[in-house]
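Engineer: I would like the atomic coordinates for the input below:
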Amino acid sequence: MAELKYALYTGCTARESTPELLMSTLAVAEKLGIELVLLDEASCCGASHLQDFDDFLSLVLNARNICYAEKLELPMITICNTCQLNTAMTKERLDNDDDLKSQVNEKLAEVGLEYKGTSSVRHFLYALIEDYGLDKLAEKVEKPLSDFNVAAFYGCHNIRPSHLHTEQNGSEENPYNPTSLDRLIEALQGKSVDYESKNKCCGFHADLQAPKTANRLTGTALLDAMDNDADMMVTPCPLCHLNMDVKQHAVAKEMGRDIAMPVLHLPQLIGLALGIEPQKLGLQHNVADVTFV
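Structural biologist: Next comes the predicted model:
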């Protein structure tokens with residue numbers, strides 16, 4: 001298999017609020033022989049909030065981020081569902097609207113950049129599945145997760161809209177019945193938990209406007225996983241992780257039930273199965289207790 005090399009767009013959350021996500025991503029990539037070049041010049045994607053305030057500015061911002069991957073002549077990978085959505089939506093719009101692309105490039109020229117559309121944009125989850133391969137990943141497992149029931153939590157931004165997901169990731173994912181993360185869990189020899197909330201919203205983007213509703217969304221997903229005998233949850237999105245991991249005490253009060261659920265980032269789960277030391281995966285930064293893993 002040819003060497004895999006990507007430009008890694010971390011977004012802002014993995015560098016600040018969830019440093020364990022970046023730590024574990026780099027550790028897993030190193031273990032698998034995947035080369036990642038960090039896009040240190042890149043900035044926030046707008047987090048689906050800037051987009052509501054200034055659509056054109058969000059396009060310029062995300063096109064600028066993609067330009068840095070294009071300068072390296074590398075495909076871009078993301079490790080945040082919301083970053084993936086906003087970056088992929090920008091790419092789709094600019095690649096299909098020459099006038100809009102010209103307007104964006106007029107602004108980018110002020111900082112010496114030009115968006116060309118030559119770099120693909122794909123979430124790390126699908127790079128592992130489509131480029132690296134689940135069969136090859138399964139061969140690398142040193143510590144099988146066979147003792148654990150793992151609840152995959154997809155979130156909403158990485159699997160929708162479905163046409164965009166298919167275009168950017170090179171594979172189809174049914175947003176009503178996603179399977180990619182479940183298949184990855186099984187490749188790590190874990191037992192994938194089937195539960196209704198796996199493809200629902202975690203509530204993150206409603207936290208400021210409607211905190212009670214956000215807590216209900218978070219709590220419903222956590223309790224659904226618990227009630228279906230999950231030992232832990234895993235998510236490919238740091239924003240989902242923040243809600244699921246950090247807010248369990250507050251959410252428990254809202255839901256009227258005790259909640260204690262280890263929530264792992266996607267590369268943390270993979271790293272454990274690959275035999276990477278917990279410290280290198282940043283498990284010490286997780287809020288919910290993960291010592292049993």
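
Engineer: pretty sure residue 145 is touching residue 273, no?
Structural biologist: Yes - between residue 145 and residue 273 there is a contact under Cβ atoms under 8 Å: 5.4 Å. Just so you know, the C-beta spots here come from the backbone N, C-alpha and C atoms, and that holds for glycine as well.

Engineer: any residues in contact with both of the two?
Structural biologist: Both residue 145 and residue 273 are in contact with 188-190, where contact means Cβ atoms under 8 Å, 6 or more residues apart in numbering.

Engineer: give the ChimeraX command for selecting the buried subset of the residues you listed.
Structural biologist: To isolate the buried members of these in ChimeraX, using 16 or more other Cβ atoms under 10 Å:
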select :188,190
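
Engineer: dump the shared contacts of residue 145 and residue 273 to CSV, plus pLDDT and secondary structure.
Structural biologist: CSV is the format used below for these (pLDDT from 0 to 100; DSSP: H, G, I helix; E, B strand; the rest coil):
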residue, pLDDT, secondary structure
188, 98, coil
189, 98, coil
190, 98, coil
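
Engineer: go through the shared contacts of residue 145 and residue 273 and say which is closest to residue 137.
Structural biologist: residue 188 (7.6 Å; Cβ to Cβ).

Engineer: which residue is the nearest non-sequential neighbour of that closest one?
Structural biologist: Here the nearest residue to residue 188 in space, its sequence neighbours aside, is residue 273; by Cβ to Cβ, 6 or more residues apart in numbering that works out to 4.0 Å.

Engineer: hang on, the earlier thing: could you export the shared contacts of residue 145 and residue 273 as a markdown table, including distance to residue 249?
Structural biologist: Below are these laid out as a markdown table (distance: Cβ to Cβ, whole Å):
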| residue | distance to residue 249 |
| --- | --- |
| 188 | 29 |
| 189 | 32 |
| 190 | 27 |
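
Engineer: buried sites along stretch 26-35?
Structural biologist: For stretch 26-35, the buried set under the neighbour-count rule, 16+ other Cβ under 10 Å, comprises 26-29, 31, 34.

Engineer: ok, back up a step: count of neighbours near the residue nearest to residue 188?
Structural biologist: 24 (other Cβ atoms under 10 Å).

Engineer: these two touch, right, it and residue 144?
Structural biologist: Yes - using Cβ under 8 Å, residue 273 makes contact with residue 144 at a distance of 6.7 Å.

Engineer: what touches both of those two?
Structural biologist: With Cβ under 8 Å, 6+ apart as the test, residue 273 and residue 144 both reach 188-190.

Engineer: let me know the closest of those residues to residue 91.
Structural biologist: Of all the shared contacts of residue 273 and residue 144, residue 91 sits closest to residue 188, with 30.5 Å by Cβ to Cβ.

Engineer: which residues touch residue 146?
Structural biologist: With contact taken as Cβ under 8 Å, 6+ apart, residue 146 is in contact with 189-191.

Engineer: name the nearest of those residues relative to residue 89.
Structural biologist: The closest of these to residue 89 turns out to be residue 190 (Cβ to Cβ; 31.9 Å).
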